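S.K.: My questions are about this predicted structure, shown below with the sequence.
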Amino acid sequence: MKIALVIERFIPGKGGAEGYAVNLAQDFVRLGHEVTVIASKVAGHVEDVTVIEAPTMRWSPAIEILTFAHAARKIIEASDFDVASVLGKSLGGNVLNPHGGVEEAYAERFFLSIENPLYRWFRKILRYCTPRHYVIKSIQRSQYASADLKLVVAISDKVREDVERIHPAAAQKVRVLYNGVDLAKFHPDNKAKFRGELRASLGVSDDELVLLTVCHNFRLKGVASLIRAFALVRRTQPERKMQVWIVGRGKPGPFRRLARRLGVADSVRFLGGVSDVERYYAASDLFVYPTFFDACSLTVMEALASGLPVIATKHSGSGMLIEDGVQGVGSLDATDISGIANAIARFSGDDVRRTAGIEARKLAEKYPQEDNARKLLDLFEEISPRSSILDPRS
């Protein structure tokens, strides 16, 4: 099968959608298929993957997005791909994989994450007075309304719900395929390898309860809610030794000040970006992710695979997989501080966490990374009957 993957940035070594696209291209090649990536910005090389850098004007963000979308469509139209899967803001594909979710749904939750009402209105004015917003909306409307679109791959039930609500004309084309996770890299056995060493390096005793979150956009991913909930738990359980680890490249200043105001600054640690995040899952006890929006958080999947109970919100795509009281809690709202605090308290006991951790790993094992590409190819087969997944040479 000849497959095109269309994404704005194709950068090996990056996370998010870029990392997903690189891994997907590699998996498709390993399965014997011909892969071409069409991108606006390219850095690095992936063996056996053809990369086409689409001509793009970079005069402004809006013009860059618009010119890439049309350049990518021309490349697709001039080629004979069986499948052209668009992972971002582009035109011309017969498959749409809105890896970051639906733009309007993201915007709704983004503004809710801004606590200051004056600043919220400022950001709304800023967003709705810039051409970039209207270019993106126009491209997305064209994507979902296109007669050429045969398949929408939603990476969670949350994304499926957003597509059905905002773009109902495409509802019958939606199939749900959750992201996979590296079950070997993220494994409960890592606890024996890394827990003691990492805790010792950070001056944390083995009996101290460590709450972990991993994210980069601290405001959107609910770090303030986590700190407030943690402060509430500390007030109700003053005798319990516990702390919060925040791993990621966000800007910690406002959140450090919040922790100081709430009297928990000594127990909230900002550890920055790390290259060995599996060690931090292994050294923690509970993963807390009170995000305002996430199409399908890979960090939640990694935490589950590591055997950590997870406390997440209903606005996290992967959080929707969690059965309340089994692997943790996945039905919270990011603004429900008492609910988040109660969930933390509920899973602070060793026996409860141990049982939930076992169930968390069982849940993650249903979503192995290596199966993701095969399942996606099965979906591609539905719209490309002249290709054979079983025999890619045909």
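M.R.: That came through fine.
S.K.: going forward, measure contacts and count neighbours with C-alpha atoms only.
M.R.: OK.
S.K.: what number of residues lie near Met301?
M.R.: Residue neighbour count, defined by other CA atoms under 10 Å, stands at 29 for Met301.
S.K.: Is it in contact with Val181, as I believe?
M.R.: Yes: counting by CA atoms under 8 Å, Met301 does reach Val181; the two are 6.2 Å apart.
S.K.: Overlap of the contact sets of those two?
M.R.: Residues touching both Met301 and Val181 (CA atoms under 8 Å, 6 or more residues apart in numbering) are Ala364.
S.K.: now the helices: where do they sit in the stretch 201-350 of the chain?
M.R.: 223-236, 253-261, 277-283, 298-305, 337-346, 350-364 (DSSP state H, counting those that start in this stretch).
S.K.: tell me the most buried of those?
M.R.: Mean neighbours per residue, mean count of other CA atoms under 10 Å, is largest over these for helix 298-305, with a mean of 27.
S.K.: Gly196 is in contact with Ala282, correct?
M.R.: No: judged on CA under 8 Å, Ala282 makes no contact with Gly196 at a distance of 9.3 Å.
S.K.: Select the longest helix from this protein.
M.R.: The longest helix of the chain (DSSP state H) is helix 61-77.
S.K.: can you list the residues that contact that helix?
M.R.: 6, 8, 38-40, 54-58, 84, 89-93, 131-133, 135-136, 139.
S.K.: Any idea how far stretch 342-361 is from the middle of the chain?
M.R.: Relative to the centre of its chain, stretch 342-361 is centred 23 Å away, using CA atoms, centre = their mean, to the nearest Å.
S.K.: Give me the residue ranges of the stretch 1-150 of the chain where confidence is low.
M.R.: Along the stretch 1-150 of the chain, segments meeting pLDDT under 70 span 13-16.
S.K.: Now do the helices in it.
M.R.: Using DSSP H, counting those that start in this stretch, helices in the stretch 1-150 of the chain cover 16-30, 61-77, 103-112, 117-128, 131-145.
S.K.: Return the alpha-carbon coordinates of stretch 46-65 using PDB.
M.R.: Taking C-alpha atoms only, stretch 46-65 is exported to PDB below (Å, rounded to 0.1, in the frame of the first residue of the first chain):
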ATOM      1  CA  VAL A  46      13.900   8.300   9.000                       C
ATOM      2  CA  GLU A  47      15.200   5.300   7.100                       C
ATOM      3  CA  ASP A  48      13.100   4.100   4.100                       C
ATOM      4  CA  VAL A  49      10.600   6.900   4.500                       C
ATOM      5  CA  THR A  50      10.300   9.400   1.600                       C
ATOM      6  CA  VAL A  51       9.900  13.000   2.800                       C
ATOM      7  CA  ILE A  52       8.500  15.800   0.700                       C
ATOM      8  CA  GLU A  53       8.900  19.300   2.100                       C
ATOM      9  CA  ALA A  54       5.900  21.200   0.800                       C
ATOM     10  CA  PRO A  55       6.600  24.800  -0.400                       C
ATOM     11  CA  THR A  56       5.200  27.100   2.200                       C
ATOM     12  CA  MET A  57       5.200  30.900   2.700                       C
ATOM     13  CA  ARG A  58       6.200  31.900   6.200                       C
ATOM     14  CA  TRP A  59       5.100  35.500   6.100                       C
ATOM     15  CA  SER A  60       2.700  35.000   9.000                       C
ATOM     16  CA  PRO A  61       1.200  32.000  10.900                       C
ATOM     17  CA  ALA A  62      -2.100  32.300   9.000                       C
ATOM     18  CA  ILE A  63      -0.300  32.400   5.600                       C
ATOM     19  CA  GLU A  64       2.000  29.500   6.600                       C
ATOM     20  CA  ILE A  65      -0.900  27.300   7.500                       C
END
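S.K.: buried residues in that stretch?
M.R.: Using 16 or more other CA atoms under 10 Å as the test for burial, stretch 46-65 gives Val49, Val51, Ile52, Glu53, Ala54, Thr56, Ala62, Ile63, Glu64, Ile65.
S.K.: any idea how far Glu278 is from the spatially closest residue to the first one that is not a sequence neighbour?
M.R.: Same thing as Val49. On the basis of CA to CA, 6 or more residues apart in numbering, the spatially nearest residue to Val49 that is not a chain neighbour turns out to be Val35, at 5.5 Å. According to CA to CA, to the nearest Å, Val35 and Glu278 sit 30 Å apart.
S.K.: roughly how far is stretch 49-60 from the heart of the chain?
M.R.: The chain centroid and the centroid of stretch 49-60 are separated by 25 Å under CA atoms, centre = their mean.
S.K.: per-residue confidence for Phe347?
M.R.: On the pLDDT scale, Phe347 is placed at 96.
S.K.: Now do the same contact list for the spatially most central residue of the chain.
M.R.: Geometric centre of the chain, nearest residue: Ser297, 3.2 Å, by CA atoms, centre = their mean. Counting by CA under 8 Å, 6+ apart, Ser297 makes contact with Ser316, Gly317, Ser318, Gly319.
S.K.: and of those residues, the nearest to Asn342?
M.R.: Nearest to Asn342 among the contacts of Ser297: Gly319, at 17.1 Å, using CA to CA.
S.K.: Hmm, Val300 and that closest one touching each other?
M.R.: Yes: counting by CA under 8 Å, Val300 is a contact partner of Gly319 at 7.0 Å.
S.K.: Can you spell out the domain ranges of this structure, please?
M.R.: The chain breaks down into these domains under automatic domain parsing: 2-180+369-383, 190-364.
S.K.: From the chain's centroid, how far away is the shortest one?
M.R.: Domain 190-364 has its C-alpha centroid displaced from the chain centroid by 16 Å (CA atoms, centre = their mean).
S.K.: Likewise for the longest one?
M.R.: Remark: domain 2-180+369-383 is offset 14 Å from the chain centroid, using CA atoms, centre = their mean.
S.K.: Give me the distance between the two termini of it.
M.R.: Start-to-end, domain 2-180+369-383 (CA to CA) is 13 Å.
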